[in-house]
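Enquirer: Coordinates for the following, if possible.
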Amino acid sequence: GPERRIWVEAPEAKVMGAFPGLARTLSEALGSQIAESPAPTALRNGPNWLFVRFEREEEVASLKPDMSAVAKLSLEQSISGIAAFAFVNGGEFAVHIRCFAPAFGINEDPVTGSANAALPAYLAHHGLLGRTGREYVATQGTELGRDGRVHMRVLDESGRSEIGGQA
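Expert: Sure thing, here's the model as predicted:
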């Protein structure tokens, strides 16, 4: 039924560092101005995702990244890809996220378990867990004609999480 989900405890995401000096380059590569804070921050839970926040969901939805610029940036910074997200105000979802990893052959992933599983650690690190709560749903893949819903449970203050969904 619609309430049945598979839940898996995600590997712990470690903060690899902030990249405040990349804000302009990231904005240019993604085709839209990223939020001023927090600074772009890399987290590793297997892959090394560079998280960038946007002020509005519409900005995330309308991104038209320059994939060659994203790939170049990924290789220069030793990251797997860029996870661009915004908080969603009201409705079913708390987060709208898109993940780009062209340096590894994936221009845009329709649903990215590793990035979604690392996002709570990013939120915890920057004091933003209150924006989503301890259990939330992220949307991803709409722009690719997919309608991914990723269910998240935050297990502790460090942002350790369980990721869930239906298959």
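
Enquirer: Spell out the residue ranges of the helices in this protein.
Expert: Listed in chain order, the helices of the chain (DSSP state H) span 23-30, 57-61, 67-77, 113-125.

Enquirer: which strands and helices sit next to the second one?
Expert: Right, helix 57-61. Where contact means 3 or more Cβ pairs under 8 Å, 6 or more residues apart in numbering; DSSP states H and E, helix 57-61 is packed against strand 81-87, strand 95-101. Yep, even glycine has a C-beta here, placed from its N, CA and C like the rest.

Enquirer: If the residue positioned nearest the centre of the chain is in a bridge, with which residues?
Expert: Nearest to the geometric centre of the chain sits Ala83, at 3.9 Å (Cα atoms, centre = their mean). Beta-bridge pairing for Ala83 (DSSP bridges): Phe51, Cys99.

Enquirer: do you know how far it is from Arg5?
Expert: Distance, Ala83 to Arg5, using Cβ to Cβ, to the nearest Å: 22 Å.

Enquirer: And for Gly81?
Expert: In terms of Cβ to Cβ, Gly81 sits 26 Å off from Arg5.

Enquirer: Next: Ser32.
Expert: 32 Å.

Enquirer: out of these two, which sits in the busier spot?
Expert: Set Ser32 next to Arg5 and count neighbours by other Cβ atoms under 10 Å: Ser32 wins out with 19 against 13.

Enquirer: quick one, what contacts the more buried one?
Expert: By Cβ atoms under 8 Å, 6 or more residues apart in numbering, the contact set of Ser32 is 54, 59, 62-63.

Enquirer: Over to it: give its phi and psi.
Expert: phi -160, psi 150 (degrees, to the nearest 10).

Enquirer: Just the pLDDT at it, thanks.
Expert: For Ser32, the pLDDT comes out at 97.

Enquirer: quick one: contacts for Ser161?
Expert: Ser161 neighbours (Cβ under 8 Å, 6+ apart): 9-10, 117, 120-121, 152-155.
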